[in-house]
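Trainee: only geometry, no sequence info:
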């Protein structure tokens, strides 16, 4: 009868134990990698003042209605190289009061760090100019208003009532041609 051969190598020099150990070890490594990615790329938190935000939406809708009644339209042009923002404003209302300053917001749908809020200054009749802080890429929501705070009404320095409005649009950037923004 043949004598059985006994392998005299220690366990850590065998192939099978390492194959068995590698499966749970790879699961642990994948789990730690996933945890690192989740911590590094956290989603923004829900705002604490969500109720106030909801109420503010109603005020913003009023601003959209005012823009529609005034027939306000804007043509937006952005120079991708210099970051210049040029805007031409028009209204079908003959008594429309063209403001000295406009405010435009470029809001990224998911990444708040890509949001930009810039003032536009009146440089020529019905024309406004401003500068981007950085180039816009991808989808952005655009809010154009004559109010920096997007409130439905306010009192100006002369004691009279100032009528505020807002135009909004969504577009992909960089722009290939001028963008028309009008109230619907």
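Mentor: Received, thanks. As the structure is a computational prediction, the values presented were derived from the model and not from experiment.

Trainee: for stretch 132-140, how far is the first residue from the last?
Mentor: 14 Å (C-alpha to C-alpha, to the nearest Å).

Trainee: how distant is it from the center of its chain?
Mentor: Its chain's C-alpha centre and that of stretch 132-140 lie 9 Å apart, by C-alpha atoms, centre = their mean, to the nearest Å.

Trainee: Can you give the domain ranges for the protein?
Mentor: Using automatic domain parsing, the domain parsing of the chain gives 13-40, 53-182.

Trainee: Could you single out the most deeply buried of those domains?
Mentor: domain 53-182 (a mean of 15; mean count of other C-beta atoms under 10 Å). The way it works is simple: take the backbone N, C-alpha and C, and place the C-beta from them, glycine included.

Trainee: if we can go back for a sec, figure out which of the domains of the chain is closest to residue 6.
Mentor: domain 13-40 (12.9 Å; C-beta to C-beta).

Trainee: next one: that closest one to chain centre, how far?
Mentor: Using C-alpha atoms, centre = their mean, the offset of domain 13-40 from its chain centre is 37 Å.

Trainee: average pLDDT for that domain?
Mentor: Taken as a whole, domain 13-40 carries a mean pLDDT of 94.

Trainee: With adjacent residues omitted, what lies nearest to the spatially most central residue of the chain?
Mentor: Centrality entry for the chain: nearest residue to the mean C-alpha point is residue 108, 1.5 Å, by C-alpha atoms, centre = their mean. Computed as C-beta to C-beta, 6 or more residues apart in numbering, the closest residue to residue 108 that is not its neighbour in sequence is residue 114, at 3.8 Å.

Trainee: residues touching the one you found, list them.
Mentor: 108, 136-138, 140 (C-beta atoms under 8 Å, 6 or more residues apart in numbering).
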